[in-house]
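J.: Predicted structure and sequence below. I'll ask about it afterward.
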Amino acid sequence: EAALTGNPATSLDGDWLDYRRAKIAGPEELEGAIVRALRVVNGYDAVFRLGVSGRLGKDVTEEVAARLIAARNAIQERLAASGDASLVEQFSPNRFNSSATLGENLAFGVPTSERTSNDSISRIPYVRSILDAESLTEPLVRIGLRMVETVIEVFPSLRPGHPLFERYSFIGQAEVEELSAALGARARKGETRRLPIEVRNRLIEYAFMYVEPRHRLDLVDDTLRARILRARASFRKFLPGAYASRIEFYHPEKIISSASVSDNLLFGKIAFGAANAHERVSGVLNEVICEQQLESFVLNQGLAYEAGPGGRFLAPHLQMIIHLARSILRRPDVLIIDNAMAAFPGYEADIIMRSIKSEMQGRTLVATFTEAPQKIPFDRIITFDGPRLVDDRSSAEAESEQAALNQLAETMEARS
């Protein structure tokens, strides 16, 4: 029928990848080729980290789910054996987690929608009814108010780049100015009940993001912890059916599809303030991932990460890594790289460029730089000043001239 009507006979549901471009036999060799390309451009670890930090999702086989649970238990055992158990504060249904936000402690689960977070659930009528029932509304308003006051009072005197800016990054400068005007004298007198409802809602959202060891305002006491644990129990016990599909509760023997891979593996929060805690925990996590044969799964999670239109959801250097890896994957006879190394720090740019040059051995590589590379032996180095050609020499000639200049500089320094 397609032939008779002049339409293509190729199925839209077919495999449209040209494996010959990557010089591989078929789909079974594609992952290996991608891994190889990522390693050439020093991007394997970055994509792997995306897989670890990204949402697990529902498309997980029973075998992978079992390995994730086994890995979770192995990580806990490994940390305990090395005396580092305190680096991760485990989730427990009956215990307050001081390394988690107040919102996470109350919900003890993860919203199933990526557009919903544990702080934004504070606006849900059912959640507000639980807060009212457990006498948490006013304490949370006061905590949010204290957070905003801290930003208003302290931030103007801090130098750029101070760690406090990152800790309170969820309160933007525009919001600070807006809230400062809205709070007015009522807040200064402690009359939080008379604040506008929208302001109170905002303050509760901020309070839901509060972590005592992180924000250090001494606002969480035993009374508040007990109220939050009671609210947690009530939240789950009386959860209406209409909300049941909107949150996935933590369970020590189950995976949480709405949580990240790392949260599934750690089943807890890395303790804030412990020296090199993230590096030490990440080391154990990566070891166990490999031991449980989850490396391929995590990498594919990273490759499936939503990059957004034109890669806008990715950091600039990661966008460039993907561009370079895609070019390497195609195994071109001629590869032209136009100032791509500007996306990376100098030392990393040298590593990537040397690796690409080695990969392109026997083929043609043309690369442009804003500054001539000093340590990468290209066959020819051509220098332009705008459209004007100012130099054209071999790498050996450039190295010889640089060596002579270095020797001259050393001689003059010795004489002085």
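T.: Happy to help now that I have it.
J.: in the chain, which residue is closest to the centre?
T.: S53 (5.5 Å; Cα atoms, centre = their mean).
J.: Quick check, pLDDT for that one.
T.: As predicted, S53 sits at a pLDDT of 93.
J.: Hmm, D263 and it touching each other?
T.: No: counting by Cβ atoms under 8 Å, S53 stays clear of D263, with 9.1 Å between them. The C-beta positions use only the backbone N, C-alpha and C, and glycine is treated the same way.
J.: E89: helix or strand, and which one exactly?
T.: Using DSSP states H and E, E89 maps to strand 88-90.
J.: neighbouring contacts of that strand?
T.: Strand 88-90 is touched from outside by 75-76, 79, 97-100, 266-271, 281, with contacts defined as Cβ atoms under 8 Å, 6 or more residues apart in numbering.
J.: Just these: which are in helices?
T.: Assigned to helices by DSSP state H, the following of those qualify: I75, Q76, L79, L266, V281.
J.: Run through the residues that contact the first one.
T.: When you say that, I think you mean I75. I75 sits next to V88, L265, L266, V284, L285, V288 when contact means Cβ under 8 Å, 6+ apart.
J.: Show the average pLDDT along the helix or strand hosting the fifth one.
T.: Secondary-structure assignment from DSSP H and E places L285 in helix 277-291. Throughout helix 277-291, pLDDT has a mean value of 94.
J.: That one - contacts with which helices or strands?
T.: If you count contacts as 3 or more Cβ pairs under 8 Å, 6 or more residues apart in numbering; DSSP states H and E, helix 277-291 packs onto helix 62-81, helix 261-266, strand 268-270.
J.: deepest of these, which one?
T.: Comparing those by mean neighbour count (mean count of other Cβ atoms under 10 Å), helix 261-266 ranks first with a mean of 24.
J.: thinking again about what came up before, what comes up buried for the helix holding L285?
T.: In terms of neighbour count (16 or more other Cβ atoms under 10 Å), helix 277-291 has its buried residues at A277, R280, V281, S282, V284, L285, N286, V288, I289.
J.: now the fourth one: how far from M353?
T.: Spatial separation of S282 from M353 under the definition Cβ to Cβ, to the nearest Å is 27 Å.
J.: Where does G51 sit, in terms of helix or strand?
T.: Going by DSSP H and E, G51 is in helix 44-53.
J.: circling back to that earlier point, relative to Y44, which of the contacts of I75 is nearest.
T.: Y44 lies nearest to L285 out of the contacts of I75, by Cβ to Cβ, at 16.2 Å.
J.: tell me the secondary structure for V366?
T.: strand (DSSP: H, G, I helix; E, B strand; the rest coil).
J.: any idea where the strands of the stretch 51-200 of the chain begin and end?
T.: Taking DSSP state E, counting those that start in this stretch, the strands of the stretch 51-200 of the chain run over residues 88-90, 109-111.
J.: what residues does the last one touch?
T.: Judged by Cβ under 8 Å, 6+ apart, the contacts made with strand 109-111 from elsewhere in the structure are S117, N118, I121, R246, I247, E248, F249, Y250, I256, S258, A259, D263.
J.: model confidence over it, on average?
T.: 92.
J.: Count the neighbours of the closest residue to G26 other than its chain neighbours for me.
T.: In space, and not counting its chain neighbours, G26 is closest to Y19: 5.5 Å by Cβ to Cβ, 6 or more residues apart in numbering. For Y19, the neighbour count with other Cβ atoms under 10 Å is 15.
J.: so what's Y19 up against?
T.: Taking Cβ under 8 Å, 6+ apart, we find Y19 in contact with A25, G26, P27, E29, L30.
J.: so what's S416 scoring on pLDDT?
T.: 64.
J.: Most neighbours among the contacts of Y19, which one?
T.: L30 (15 neighbours).
J.: Let's see the pLDDT reported for R21.
T.: 81.
J.: Am I right that it sits in a helix?
T.: No: according to three-state DSSP, R21 belongs to no helix; its state is coil.
J.: Just give me the neighbour total for the nearest residue to I124 once chain neighbours are set aside.
T.: Leaving out its chain neighbours, the residue that sits closest to I124 by Cβ to Cβ, 6+ apart is Y243, at 7.4 Å. Y243 sits with 14 neighbouring residues when counted by other Cβ under 10 Å.
J.: Please, where are all the strands along the stretch 251-400 of the chain?
T.: Here the stretch 251-400 of the chain has its strands, by DSSP E, counting those that start in this stretch, at 268-270, 334-338, 364-368, 380-385, 388-394.
J.: Using JSON lines, lay out those strands together with mean pLDDT and distance to L314.
T.: Shown next, in JSON lines, are the strands of the stretch 251-400 of the chain (pLDDT from 0 to 100; distance: least, Cβ to Cβ, whole Å):
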{"stretch": "strand 268-270", "mean pLDDT": "95", "distance to L314": "24"}
{"stretch": "strand 334-338", "mean pLDDT": "95", "distance to L314": "19"}
{"stretch": "strand 364-368", "mean pLDDT": "93", "distance to L314": "22"}
{"stretch": "strand 380-385", "mean pLDDT": "86", "distance to L314": "31"}
{"stretch": "strand 388-394", "mean pLDDT": "84", "distance to L314": "36"}
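J.: Comparing those strands, which stretch has the densest surroundings?
T.: strand 268-270 (a mean of 19).
J.: quick one: terminal-to-terminal distance for stretch 29-47?
T.: One end of stretch 29-47 to the other measures 19 Å (Cα to Cα, to the nearest Å).
J.: centre of the chain versus that stretch, how much separation?
T.: Relative to its chain's centre, stretch 29-47 lies at 19 Å (Cα atoms, centre = their mean, to the nearest Å).
J.: in it, what counts as buried?
T.: For stretch 29-47, using 16+ other Cβ under 10 Å, the buried residues are 33-38, 40-44, 46-47.
J.: pLDDT score for V151?
T.: pLDDT, V151: 85.
J.: what's around it, how many residues?
T.: 20.
J.: Dihedrals phi and psi, I247?
T.: Here is the backbone geometry of I247 (degrees, to the nearest 10): phi -140, psi 140.
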